[in-house]
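[1] A predicted structure for the sequence below; I have some questions about it.
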Amino acid sequence: MKYEEVYLKAYDSVREARASIGKYLDIRPSLRERQTDWLEGMEGAFLRFGGVPTEVLFDNPKALVEHHDAATREVRFNMRVHAFARYWGFTPRACAPYRARTKGKEERGVGYVKRNAIAGRRFENWAAFEAHLDRWTREIADQRVHGTTGVVPAERFAEEAGALRPLGGRAPFGQLRDLVRKVQADCAIDLDTNSYSVPWRLIGESVQVVVLGGRVIVRHAGEVVADHALCGGTSPTDCRARASCRRGRRCCAGTIGRYRCAFRSVASTGRIWGTGGRQLVMTAVDHEMLVAMLDRLKLTAIRDHLDTLLDEAARSQMTLREALAFLVTREIARRDERRISMAGKIAQFPFVRELDGFDFDAQPSLDQRQVRELATCRWIAHGDTVLFLGPPGTGKTHLAVALGREAIRQNHSVQFVTAATLVAMLAKAHDYGSLEKQLTTLSRPKLLIIDELGYLPFEANAAHLFFQLVSRRYER
């Protein structure tokens, strides 16, 4: 097993537990970041320490922390985490977002293990990797002189161990999971990226799902309607859950549950699993047809990067719905990029400028908060007018272009023109008898940016034409 594979697939999921002073480590690699993996890892650390600490600090993992407000410091842990904490008698805490003093406690230890225990090494298999980490922890990490405390972690821990609460022979926290799932149109429920079949008559209904002892038990109206073995593998064969329905009703067995497995099988064997346990063959011709259909639907972003997007979805172990949202998001991003680019050309900006590139320190009299508020473009929806007044070279055009680009991002049509060019256009249209048409054209953009207004004086006729444009846009 190469180091890169361990890092990508496992080590980003390393669980670290330690005494708060002695820096005594317990490293446990995992292939996943599910809640059960976190809880099992903490129990393993408790066993290694021989006790339970008063507090456990988390780095806000989504599997454990449902919400953490950086401003109010309000933390909402998962209900199962609260049950786990009550069972073992500790107080859960979450790192303050963007606070290095607490977050660094979690990340520095992980970085230390990455650099010293894994980097540059290869392992034959997962068991060899775990054995190496265990040996490295006992013989090296716990025996070194710690750079912060200046003492050997094993020696310091021997002094601190008495502060831990005894385990008291308590059995591991039960991995019972009681969930509610809605039966999908393919006669299946989703659980941990796998699908488990249920009777077809329950499509659209909510059912109770109990995971216990390696079994997935599905109940509806108090009655068991399906009983499956818990799928833990990553191949289509492992994920094809087959039903044992107590009512004898026919189920839609064999539904594939892992999007990752489905598309990996397409790339490698050309098969995916469909309902009823059937194999759906996807040949090279089918792939071409898929590309053609994407082209017909004008889904060019998905079409141009299909293999890359599917591989990324596979590596992330997305469900079908997550993968669909992922693909659609990429398509929307491509279309937004094209829309902004095309709208920028139509707007005829003299150059590209953004608010982030404006030097507010060079203009201390300018209220940055007010400019950021203008970037929300609410004033455009209200039909208000904004004037930038100041001497040449103070960044008025920069701000005008930047706000114009923000308006485009929010689906507002924009036109940029200098005052001299605008007056020339109106005068030419007046001479050729097409002033009404020109006024209509200039009234269409939601935002009309007129640069260098007042730089040169208007003649009487030009001022009259300019007034007609302002009046027309005001009426609209």
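    Nice, thanks for sending it over.
[2] roughly how far apart are residue 31 and residue 129?
    11 Å (Cβ to Cβ, to the nearest Å). C-beta: built from backbone N, CA, C; applies to glycine.
[3] swap that for residue 335, please
    The value you get for residue 335 to residue 129, if Cβ to Cβ is used, is 44 Å.
[4] So for the two, which sits in the more crowded spot?
    It is residue 129, of residue 335 and residue 129, that has more neighbours when counted by other Cβ atoms under 10 Å, with 22 against 14.
[5] Check this structure and tell me which residue is nearest its centre.
    When Cα atoms, centre = their mean is applied to the chain, the residue found nearest the centroid is residue 326 (9.8 Å).
[6] Let me know the pLDDT of that residue.
    Residue 326 is assigned 88 on the pLDDT scale.
[7] Residue 255 now?
    Looking at residue 255, the pLDDT reads 33.
[8] And the strands in the stretch 251-400 of the chain, which stretches?
    Secondary structure of the stretch 251-400 of the chain (DSSP state E, counting those that start in this stretch): strands located at 271-273, 279-281.
[9] thinking again about what came up before, can you tell me the closest non-neighbouring residue to the residue nearest to the centre of the chain?
    residue 313 (5.7 Å; Cβ to Cβ, 6 or more residues apart in numbering).
[10] those strands in the stretch 101-250 of the chain, which residues are they?
    With DSSP E, counting those that start in this stretch as the criterion, the stretch 101-250 of the chain has strands at 177-182, 188-191, 194-197, 206-212, 215-220, 223-229.
[11] Deepest in the core, which of these is it.
    strand 194-197 (a mean of 27; mean count of other Cβ atoms under 10 Å).
[12] From the contact counts, what lies against that strand?
    Packing contacts for strand 194-197, counted by 3 or more Cβ pairs under 8 Å, 6 or more residues apart in numbering; DSSP states H and E, involve strand 188-191, strand 223-229.
[13] Turn those strands into CSV, columns for distance to residue 44 and mean pLDDT.
    Shown next, in CSV, are those (distance: least, Cβ to Cβ, whole Å; pLDDT from 0 to 100):
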stretch, distance to residue 44, mean pLDDT
strand 188-191, 24, 85
strand 223-229, 25, 90
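[14] Residue 376: which of those strands is closest?
    Of all the helices and strands packed on strand 194-197, it is strand 188-191 that lies closest to residue 376, at 37.9 Å by Cβ to Cβ.
[15] could you dump the closest one to PDB, C-alpha only?
    Extracted in PDB, the C-alpha atoms of strand 188-191 (Å, rounded to 0.1, in the frame of the first residue of the first chain):
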ATOM      1  CA  ALA A 188     -35.500   1.200  -1.400                       C
ATOM      2  CA  ILE A 189     -34.300   3.200   1.500                       C
ATOM      3  CA  ASP A 190     -30.900   4.900   1.700                       C
ATOM      4  CA  LEU A 191     -28.600   4.200   4.600                       C
END
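[16] contacts for it?
    Contact with strand 188-191 is made by 179, 181-184, 195-198, 207, 209, 211, 216, 218, 241, 252, 255, 257, 319, 321, as judged by Cβ atoms under 8 Å, 6 or more residues apart in numbering.
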